[in-house]
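Undergrad: after the sequence you'll find the predicted model.
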Amino acid sequence: MRNLVYATLLVCLSLSINSCTRDDDSGNNSSANGKFEFLANGTLIQMNKTVAVNENLTTAGSVLTISATNGAAASAIGGIDNYNGPRLYNLNEDNSNYIALSFNGKVYYLTGGNALAPQSSGIITVTDEITNGNFKNTKGTFSGVAYASSNDSVVITNGVFEDDDF
């Protein structure tokens, strides 16, 4: 379990660095206009401060990375391996597809195959993408049942995401 926590922290750090250092808007430092929000058991959670949901075209493989935050109170990280453009992605099809949602002092995993959340399930639907420099920026929806532990879950509905640069 300790290794999973360290791996999650490492992914958070690398995604934070990537989203903060990426300059795919030609140096235009406009304010973020992305969107990442959902209902957790009916309560609206918003992480619209910095949103990056994209595929980096300069790296090997086809991985859609997900990174969103509203500051210290909530954040999300995740990814889809073997990303292949707009379509529905079942998070249970591949153990490396996931979204980790951190809010209310806990981390909830929306994935199949996670040791902390083996019964979790969910889908991500990428509805559109645009190529912007070295990135394919995306927007879409997500939903499912996310688990913090085997007996602590939330139902995620009405999830929407849109990259800052879409």
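TA: Received, thanks.
Undergrad: quick one: low-confidence residue ranges for this protein.
TA: Within the chain, the stretches with pLDDT under 70 are 1-32, 95, 112-119.
Undergrad: residues in contact with the residue nearest to Phe36 when sequence neighbours are not counted?
TA: Closest residue in space to Phe36, ignoring its immediate chain neighbours: Ala68 at 3.6 Å, by Cβ to Cβ, 6 or more residues apart in numbering. Where C-beta positions appear, they are placed from N, C-alpha and C, glycine not excepted. Ala68 makes contact with 34, 36, 47-53, 75-76, 161 under the criterion Cβ atoms under 8 Å, 6 or more residues apart in numbering.
Undergrad: let me see the backbone angles for the residue nearest to Arg87 when sequence neighbours are not counted.
TA: Once flanking residues are discounted, Arg87 sits nearest to Val126: 6.5 Å by Cβ to Cβ, 6+ apart. Phi and psi for Val126, reported as degrees, to the nearest 10, are phi -90, psi 120.
Undergrad: what pairs with Val126 across the strands?
TA: Following DSSP bridges, Val126 is listed with bridge partners Gly140.
Undergrad: can you list the buried residues in whichever strand or helix holds Val155?
TA: For Val155, the element it lies in under DSSP states H and E is strand 152-162. Buried residues in strand 152-162, counted by 16 or more other Cβ atoms under 10 Å: 153-154, 156, 159, 161-162.
Undergrad: again with stretch 46-54
TA: Neighbour counts over stretch 46-54 (16+ other Cβ under 10 Å) mark 47-54 as buried.
Undergrad: from those, which land in strands?
TA: Of the positions in those, 50-54 sit in strands, assigned by DSSP state E.
Undergrad: need the residues you listed in JSON lines (columns: distance to Leu110).
TA: As requested, those are exported to JSON lines (distance: Cβ to Cβ, whole Å):
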{"residue": "Thr50", "distance to Leu110": "20"}
{"residue": "Val51", "distance to Leu110": "17"}
{"residue": "Ala52", "distance to Leu110": "18"}
{"residue": "Val53", "distance to Leu110": "14"}
{"residue": "Asn54", "distance to Leu110": "19"}
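Undergrad: for the residues you listed, which one is nearest Thr141?
TA: Val53 (11.4 Å; Cβ to Cβ).
Undergrad: returning to that earlier point: okay, the buried residues of stretch 46-54 in JSON lines with distance to Ser143 next?
TA: Shown next, in JSON lines, are these (distance: Cβ to Cβ, whole Å):
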{"residue": "Met47", "distance to Ser143": "16"}
{"residue": "Asn48", "distance to Ser143": "18"}
{"residue": "Lys49", "distance to Ser143": "22"}
{"residue": "Thr50", "distance to Ser143": "22"}
{"residue": "Val51", "distance to Ser143": "18"}
{"residue": "Ala52", "distance to Ser143": "21"}
{"residue": "Val53", "distance to Ser143": "15"}
{"residue": "Asn54", "distance to Ser143": "21"}
